[in-house]
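Chemist: sequence plus the predicted model coming up.
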Amino acid sequence: MRVESIRLRLLLVAPLRLVLGPVWLAAARAAGGPSGGTLVAFAAGAFAMAFLVPNDPRARFRRTPGEPAELPADASVAPAWLHAVHSALPSTVGVSLLAAVALAFQPTLTALLGGILVGLGLVALLRAYGMDGALYFDPRTRTVFRK
């Protein structure tokens, strides 16, 4: 069984999101998006994600998971590149694909999506700070283990 550190996943995806966000903002400006509109859209996307993700109203309807299972002795930790790939799918890659498509038609929407990536990156950093380093995740079964 191959497991991934939850903290490492967050720490690897956060910089990716924090870099991609301003790249999409710059691309939106280069594609002819108005400076004021693109900056407002970028800031709105970043603020919305930074506020909404930690305060998700759907969270109260989810079942509370039990205690994490003990990490099996035969479990191995996946390489860092696999942590990064799994944590970037589908959110980071999906938002970036949408931003790329929107760039041709609506540069301001691309800036908004770049802001969403920055907001998600900030939340990932904050979550990583408070995450227990002994928690591991099996991406195939979606089971959480404690080392």
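Modeler: Ah, there it is.
Chemist: so where is the protein shaky, pLDDT-wise?
Modeler: Scanning the chain with the threshold set as pLDDT under 70 gives 63-65.
Chemist: and the residue nearest the centre of it?
Modeler: What sits nearest the mean C-alpha location of the chain, by CA atoms, centre = their mean, is residue 120, with 4.8 Å.
Chemist: so it touches residue 52, yeah?
Modeler: No - between residue 120 and residue 52 there is no contact under CB atoms under 8 Å: 10.2 Å. From N, CA and C alone the C-beta is placed, and that goes for glycine too.
Chemist: where do the contact lists of these two overlap?
Modeler: Where contact means CB atoms under 8 Å, 6 or more residues apart in numbering, no residue is in contact with each of residue 120 and residue 52.
Chemist: ignoring the adjacent residues along the chain, who's closest to residue 47?
Modeler: In this structure, residue 47 finds its nearest non-sequential neighbour in residue 119, 6.8 Å apart by CB to CB, 6 or more residues apart in numbering.
Chemist: show me the contacts for that neighbour.
Modeler: For residue 119, counting by CB under 8 Å, 6+ apart, the contacting residues are 45, 46, 47, 48, 49, 50, 51, 53.
Chemist: one more: residue 84?
Modeler: Residues in contact with residue 84, defined by CB under 8 Å, 6+ apart, are 9, 12, 13, 16.
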